[in-house]
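K.L.:
sequence below, structure please.
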Amino acid sequence: MKALVARLDSFGDVLLAGPAVRAVAARAQRVTLLCGPRGEPAARLLPGVDEILVWDAPWSGYDPPPVDRAGIDELVTAVDADTALVLTSFHQSPLPAALLLRLAGVARIAADSADYPGSLLDVRHRRAPHAHEAEAALDLAEAAGFPRPDDTRLRVLPPPDTAALTGPGPYVVLHPGASVPARAWSPRRCAQAVRELTAAGHRVVVTGGRGEKDLTAYASGGRGLDLGGRTGAAELSGVLAGARAVVAGNTGPAHLAAAVGAPVVSLFAPVVPAERWRPWGVPYVLLGDQDAPCAGSRARACPAPGHPCLESVSAHDVLAAVEKVMKT
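P.N.:
Below you'll find the predicted structure:
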């Protein structure tokens, strides 16, 4: 059986699909993962994936491309699968992807769908209310005939040795950036947390992407080790795997931390529900006012003056959470 798993969203979304991918891989001879450009780095870390197809869907992402007939034809030609799972978040429809997979000749397609699917789905599953994204994907896989694995935690391929980047000895990681501004703690608060953590005797490593070098430099403030722009996805997994705790917003690196087994202090802005997106399968402490005015808004920029959901969190709160999560 040749299987395809589609998850056309971001880095963290693809990581959360990992347990379901492993469930499919246990029964299929070959697994193709269909993902978007932002999810590709995560796809390359997942166990159980034999082939990756990257396609920028015009119905997904923060800046979706226009509909391109040639690109659609190319995708339909590239797909080679007997069965497919279309994984989506609770607010998304799987039907556009299911239509393209049907055009590609996929005989059996399963997805969670609140909308009537016509002939597009063979398994129309209804996700459990309030289910975590990882759990919902596993439920769908099981409904499609792929029993859940014994280990349902997030997993990635073995991380590289990153001691040359981090230096020896224990450390705490602070990742100040986020995929959208509404989910980020302020740079001022991040810098305060680095000062508070170092004053308490913790060595702090500050991580960030190539476009976040100014942010990581400011947050580290000469006290933490600034690794801004120095880690790709694989290297970041190694850095996070060596951490005693990871402090991050609701963004991809928090899920990558969970995938390598690191405890997480989650600075969680409630623009999306924590019950669906919290760190999965590892010890964690959730910080942030989950009843703030932005709750459930899916806002990319904070709609409330002063960003109260996260600015109410102090550096001392983070220190206390770090020391608590390291003991669990």
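
K.L.:
what's the burial count for G306?
P.N.:
G306 has 10 neighbouring residues, counting by other Cβ atoms under 10 Å. Backbone N, C-alpha and C define where each C-beta goes, glycine included.

K.L.:
that one and D289, how far apart?
P.N.:
12 Å (Cβ to Cβ, to the nearest Å).

K.L.:
repeat that for A137.
P.N.:
To D289, A137 is 28 Å away according to Cβ to Cβ.

K.L.:
so which of these two has more stuff around it?
P.N.:
Higher neighbour count among A137 and D289: A137, with 28 against 18, using other Cβ under 10 Å.

K.L.:
report pLDDT for the more buried one.
P.N.:
Per-residue pLDDT puts A137 at 97.

K.L.:
assign it to helix, strand or coil.
P.N.:
Using DSSP: H, G, I helix; E, B strand; the rest coil, the structure places A137 in helix.

K.L.:
where do the helices sit along the stretch 101-250 of the chain?
P.N.:
133-143, 163-166, 187-199, 213-220, 233-241 (DSSP state H, counting those that start in this stretch).

K.L.:
I'd like the ones you listed laid out as a markdown table, including distance to G118.
P.N.:
Converted to a markdown table, these look like this (distance: least, Cβ to Cβ, whole Å):
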| stretch | distance to G118 |
| --- | --- |
| helix 133-143 | 19 |
| helix 163-166 | 52 |
| helix 187-199 | 49 |
| helix 213-220 | 47 |
| helix 233-241 | 38 |
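
K.L.:
distance between the ends of stretch 36-48?
P.N.:
The straight-line separation of the ends of stretch 36-48 (Cα to Cα, to the nearest Å) is 18 Å.

K.L.:
if you could redo that for stretch 42-53, that was the one I meant.
P.N.:
Taking Cα to Cα, stretch 42-53 runs 13 Å from one end to the other.

K.L.:
same question for it: list its buried residues.
P.N.:
Within stretch 42-53, the residues that qualify as buried are 42-46, 48-49, 52-53, counting by 16 or more other Cβ atoms under 10 Å.

K.L.:
what does stretch 52-64 give?
P.N.:
Applying 16+ other Cβ under 10 Å to stretch 52-64 flags 52-53, 55-57, 60-61 as buried.

K.L.:
now do stretch 107-114
P.N.:
108-113.

K.L.:
which of those residues fall within strands?
P.N.:
Per DSSP state E, strands hold the following members of the buried residues of stretch 107-114: 108-112.
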